[in-house]
Every structure is written in structure tokens, then in C-alpha cells.
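Student: show me how the following folds:
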Amino acid sequence: MRRIPLFALALGVAGSVAGAQAVNVTWKCTPQGAPTALQVGDAAGHAFVLDQINCTALKGSIGGVKQKEGLGTEFAEATGDNAKGHGFFVETLSSGDKIHYTYTFTGVSKDGKPVSGADKWTAVGGTGKFKGATGSGTCKGTGSPDGSTTYECTGHITAGK
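Tutor: This next block holds a predicted model:
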């Protein structure tokens, strides 16, 4: 059972409004190995899935610091080609600082490959310059034939103090 990994959160600075920085980042994400799926047994294709995803930022920075990579860990309920769930994403910036996020998502796959998805994310903390970071936003995902997913994410974040 394969489902679209939809965690992709994180940010990119485009400006500043009342301390909050606009978000605009593109992530390319690939599954980290095969997900663990447990069939529920009530209907074909109904399963609970635990998954991890590695992401690389294709563009984006926050507070003048380039976004680098992230790891998403998520739990989903899949029914056929549709999935919904929640996860936790840890982003590492080029400075070594981290931003932590929670998210909820939905996704669609076909023949075991991601097709599309969406998520809502919330920044819930971090390290260094981003300790105590807060913010929120959304991501839209598009699957690729190689099994990866590209996410366009927008929103806002306020660095901690």
C-alpha cells in the first residue's frame, strides 16, 4: 500500500508583516524506504500506515537563512488510493538551526505512486534563532512518476526570541 507523503511544510521569506515573515518554499520529497502498512481487515485497501519522508528545499529561505532539508514522520489512514493523516516535520536550515512543525494532510495516489495532496502546517518551535518559532500555512503537492512529490508551501512564520 503506497500513499502520497504529505507533510511538506516549511518556509521561505518574501517579506515581513508585524514580525511575521511570508512563506514561499518548494520542497522535493521522497519516501524513506517502504511505509509500514497494517491492513484493517474490514475492506480491501483499508490500512493504517506509518511513513517517513526525506525532503530537499529547491528554493526558500527564512529570516535570511537558506532552507536545506527536512524529515517528515507521519501516520495515515488509507482507503484505496485516498489517504488522510497527521505528521511531524523537522526542518534543518543551512545554519544548522531547526524548525519543528505539525501538520494534517490528505492525498491521492494511483498504482502506488503519488498524484496530488494538500496539507495544513503549524510551526511549533525550533532551535537556535528559531527557538519558540510559531506560524502556519498550507502546502499543495504534485506527484512524479519516480515516486517523489513536489510541494509548494505558503504561509507565515515568526522566529522565536
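
Student: what mean pLDDT does stretch 43-63 get?
Tutor: When pLDDT is averaged along stretch 43-63, the result is 94.

Student: just the strands in the protein please.
Tutor: 16-17, 20-31, 36-39, 46-59, 61-62, 65-79, 82-93, 98-110, 113-126, 134-143, 149-158 (DSSP state E).

Student: so of those strands, which one's packed in deepest?
Tutor: Across the strands of the chain, averaging neighbours per residue (mean count of other Cβ atoms under 10 Å) puts strand 61-62 on top, at a mean of 24. No exception for glycine: its C-beta is placed from N, CA and C like everyone else's.

Student: and residue 124, what is it in contact with?
Tutor: Taking Cβ atoms under 8 Å, 6 or more residues apart in numbering, we find residue 124 in contact with 100-102, 133-134.

Student: can you pull the contacts of the closest residue to residue 99 other than its chain neighbours?
Tutor: If the residues on either side of it in the chain are set aside, residue 99 comes closest to residue 126, at 4.2 Å by Cβ to Cβ, 6 or more residues apart in numbering. By Cβ under 8 Å, 6+ apart, the contact set of residue 126 is 97-100, 132-133, 160.

Student: quick one: residue 126 and residue 98, what's the gap?
Tutor: For residue 126, the distance to residue 98 (Cβ to Cβ, to the nearest Å) stands at 5 Å.
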